[in-house]
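1. I'd like to go over a predicted model; first the sequence, then the structure.
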Amino acid sequence: MAGRLALITGGNGGIGTAVVRQLAADGYRVVTTCLDAEAERIDAWRQQLREEGVEVDYVVCNVADFASCQKMAEEVEQTYGPVDVLVNLAGITRDTFLHKMGAEDWDAVLDVNLDSVFNVTRQIVPGMRDRGFGRIVNVSSVNGQTGQFGQANYSAAKAGMHGFTMALAKENARKGIAVNTVSPGYVNTSMTAAIPDDIREQIIAQIPAGRMAEVEEVARVIRFLVADENGYITGANIPVNGGLFCSF
Ligand code: CAA
C-alpha cells in the first residue's frame with residue numbers, strides 16, 4: 001500500500017528477497033535488518049534489486065539482542081518514520097539430534113528464531129497501538145507444527161512463535177493490528193539446500209505436491225496478510241506446505 005513502511009528482519013534471505021520484491025511492487029517502502037552488512041554482501045544484493053527497479057534499505061541489527069533491536073527501531077523511526085508492517089523472518093537452523101545437541105545449538109536457534117520475535121516486536125507494537133494500525137507476520141515452519149528429525153531446537157522455536165502470534169493477536173485486535181503466522185513447508189532456499197541430498201529426497205517424496213515451494217509462493221501469502229484490506233484475519237497460522245501437513 002502506497003507509502004506504508006514495511007520492516008522485514010532477515011529480508012535479504014531467500015524468502016525475504018521475494019517479500020521485498022512483492023511489497024515494493026505494491027508501493028511499500030521496505031527496510032530490512034541484516035546481521036552484518038559486509039558478511040552478507042548486502043550492498044551487492046541491494047544493487048541487484050535496484051537494477052530491477054526495487055528500492056530497499058537496511059539497518060544492521062542482531063535480532064537476538066534486545067538492545068540492538070531497541071537501537072535499530074529508533075534508527076528506523078528516525079530515518080524512515082513509523083513502521084506499519086513488520087515481518088519477522090530472520091531464522092537459522094542448527095540441525096542435530098537432541099542426544100548430540102550442545103547448549104550453544106539450542107541457544108542460538110531459540111535466540112535467533114524465537115527471542116528475536118519478542119526483541120523486535122516489542123519495539124514496534126507500542127507505536128502501532130498509538131496509531132491504530134499495524135500488520136505483523138511471524139514466519140514459522142511446518143516443522144513447528146509437526147516436529148522434525150534433528151530439529152528439537154528449531155521445532156520448539158517455531159512452535160513458540162505461533163503461541164506468541166495468538167497472544168499478540170488478541171491483545172491488539174481492537175487496535176487495528178492484525179498478527180498472523182505463516183508456516184512454510186520446504187522451500188527452495190539455501191536452508192533446504194543444506195539438508196543432506198538423500199534426506200532431502202526422502203522429504204520431497206513425502207510432500208503431496210511432489211516438490212518444494214518457490215519463495216514467491218510464500219511471499220504471496222505474506223503480501224496478502226499485511227495488506228490494509230486484511231484486518232480480520234488475525235491470530236491465524238497459514239500453511240504453505242504443498243499438503244505436507246493438513247489440519248483443521
Ligand atoms: N525422515 C526420516 N528419517 C530421517 C530423517 C527424516 N527427515 N532425518 C534423519 N533420518 C534418519 C536417517 O535416514 C538415518 O536413518 P538410518 O540410521 O536408518 O540410516 C538416521 O535418521 C540418522 O540420520 P543421519 O545418518 O543423517 O544422522 P546425522 O546425525 O548425521 O544427521 C540429521 C541427523 C541432522 C537429523 C540429518 O539427518 C538431517 O540434517 N536431517 C534433515 C533435518 C531437516 O529436515 N531439516 C530441515 C531443514 S530446512 C528447514 O528447517 C526449513 C523449514 O522450516 C522446513
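-> Looks like it came in fine.
2. which residue is nearest the centroid of the protein?
-> L89 (1.7 Å; C-alpha atoms, centre = their mean).
3. Hmm, G16 and that one touching each other?
-> Yes - between L89 and G16 there is a contact at 5.2 Å, judged by C-beta atoms under 8 Å. Bear in mind the C-beta positions are built from the backbone N, C-alpha and C, glycine included.
4. tell me the pLDDT at the closest residue to the ligand within the chain?
-> Across the chain, no residue is closer to the ligand than G150, which sits at 2.4 Å (C-beta to the nearest ligand atom). Looking at G150, its pLDDT is 97.
5. Please tell me how far it sits from T79.
-> 40 Å (C-beta to C-beta, to the nearest Å).
6. now do M166
-> 32 Å.
7. Compare the two (neighbour count), which wins?
-> Shown here are M166 and T79; by other C-beta atoms under 10 Å, M166 has more neighbours (17 against 10).
8. Now that the more buried one has come up, it's in contact with A173, right?
-> No - M166 is beyond contact range of A173, at 11.0 Å (criterion: C-beta under 8 Å).
9. Please tell me how far the residue sitting furthest away from the middle of the chain sits from A152.
-> The centre of the chain is farthest from one residue, H99, which by C-alpha atoms, centre = their mean lies 28.5 Å away. As judged by C-beta to C-beta, H99 and A152 stand 10 Å apart.
10. the helices in this structure, which residues?
-> 14-25, 42-51, 66-80, 103-110, 116-131, 142-146, 152-172, 190-193, 197-205, 215-226 (DSSP state H).
11. Which other helices and strands does the longest one contact?
-> This means helix 152-172. In terms of contacts (3 or more C-beta pairs under 8 Å, 6 or more residues apart in numbering; DSSP states H and E), helix 152-172 is packed against helix 103-110, helix 116-131, strand 134-139, helix 142-146, strand 177-184.
12. Can I get these in a markdown table including distance to the ligand and mean pLDDT?
-> Shown next, in a markdown table, are the helices and strands packed on helix 152-172 (distance: least, C-beta to the nearest ligand atom, whole Å; pLDDT from 0 to 100):
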| stretch | distance to the ligand | mean pLDDT |
| --- | --- | --- |
| helix 103-110 | 10 | 98 |
| helix 116-131 | 15 | 98 |
| strand 134-139 | 9 | 98 |
| helix 142-146 | 5 | 98 |
| strand 177-184 | 6 | 98 |
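13. before we move on, back to that, okay, and the common contacts of M166 and A173?
-> Residues touching both M166 and A173 by C-beta atoms under 8 Å, 6 or more residues apart in numbering: G235.
14. give the contact list for the residue nearest to N237 when sequence neighbours are not counted.
-> With C-beta to C-beta, 6 or more residues apart in numbering as the criterion, N237 has its nearest non-adjacent residue at 4.3 Å, and that residue is T181. By C-beta under 8 Å, 6+ apart, the contact set of T181 is 137-140, 161-162, 165, 236-238.
15. now with 7 Å?
-> Counting by C-beta atoms under 7 Å, 6 or more residues apart in numbering, T181 makes contact with 138, 140, 161-162, 165, 237.
16. Just give me the closest of those to R129.
-> T165 (16.4 Å; C-beta to C-beta).
17. do you know how far the closest one is from I177?
-> 12 Å.
18. Next: D36.
-> Per C-beta to C-beta, D36 is found 31 Å from I177.
19. These two: which is more packed in?
-> Neighbours were counted for D36 and for I177 using other C-beta under 10 Å; I177 has more, 23 against 10.
20. For the residue nearest to that one when sequence neighbours are not counted, give its distance to A67.
-> With sequence-adjacent residues excluded and distances taken as C-beta to C-beta, 6+ apart, I177 is closest to G134, at 3.7 Å. If you measure G134 against A67 using C-beta to C-beta, the figure is 23 Å.
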